[in-house]
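In: Here you go, sequence then predicted model.
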Amino acid sequence: MRYVLRVMLPLLVFLGAIAWGGATLMNATIRRWFERDVALRAQLAVSGAQEGLVEHWRAGNRQRVGRLLDEMARDERVLGVGACGAGAEPLASTRDFPDGPWCRTIGAQVRANGEDGRPAWRAWTEVRQLRGGPVHIAAVPVGDAAGPVGFVLVLHDMAYVARREQETWQF
């Protein structure tokens, strides 16, 4: 009996550590996949509406920009969409877009300086914890050959990812 305990106990601890490590690695990988997928979906939605956005943005037609944002927010997991001008000022947003200084705080991330010292607009993403749970924020620059006019923020609900991670741990 002692021999069995001396061999089996370390073996069970070792196998438990491998299972825990594997589940942790799998959850991290799946989370990265979901985040990348959501970022690509946001970029696709913005690029699909880019021409109309730029046209109405340059014309100063906030209502038309707002309608285009409403169309982008039709996905069941999109919590809200907002448009921010080149100076990081709010331009338009969907009804469900949360209040806050989104444009100002994220604008610096989108308009980072390039190697030549001039602003180099780039897409930016992050997952933040809000009151309702985790939210994926994607900031996508909007512009044309004449230059950028601003950026669009797309907020996706990530609660389903947390639920899937919980199911994985239970499994």
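Out: That came through fine.
In: and after whichever strand or helix holds residue 151, which helix or strand comes next?
Out: Here residue 151 sits within strand 147-157, counting by DSSP states H and E. Following strand 147-157 in sequence order, the next helix or strand is helix 159-170 (DSSP H and E).
In: What lies in contact with that next one?
Out: By CB atoms under 8 Å, 6 or more residues apart in numbering, the residues outside helix 159-170 that reach it are 23, 26-27, 30-31, 34, 77, 132-134. Glycine gets a C-beta too; all of them are placed from N, C-alpha and C.
In: one more time with 10 Å, if that's ok
Out: For helix 159-170, the surrounding residues in contact (CB atoms under 10 Å, 6 or more residues apart in numbering) are 20, 23-24, 26-28, 30-31, 33-35, 38, 76-77, 127, 132-136.
In: How much space separates residue 5 from residue 14?
Out: 15 Å (CB to CB, to the nearest Å).
In: same question, residue 74
Out: From residue 74 to residue 14 the distance is 50 Å (CB to CB).
In: One more: residue 78?
Out: 45 Å.
In: Residue 150: neighbour count?
Out: 25 (other CB atoms under 10 Å).
In: is it true that it touches residue 84?
Out: Yes - when contacts are counted by CB atoms under 10 Å, residue 150 is listed as touching residue 84 (5.2 Å).
In: what residues do these two have in common as contacts?
Out: 90-91, 103, 107, 110, 142.
In: and the residues you listed, which of them are in strands?
Out: Taking DSSP state E as the definition of strands, the shared contacts of residue 150 and residue 84 contribute 90-91, 142.
In: Reformat these into a markdown table and put pLDDT and neighbour count next to each item.
Out: Putting these into a markdown table (pLDDT from 0 to 100; neighbours: other CB atoms under 10 Å) gives the following:
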| residue | pLDDT | neighbour count |
| --- | --- | --- |
| 90 | 92 | 18 |
| 91 | 91 | 22 |
| 142 | 92 | 22 |
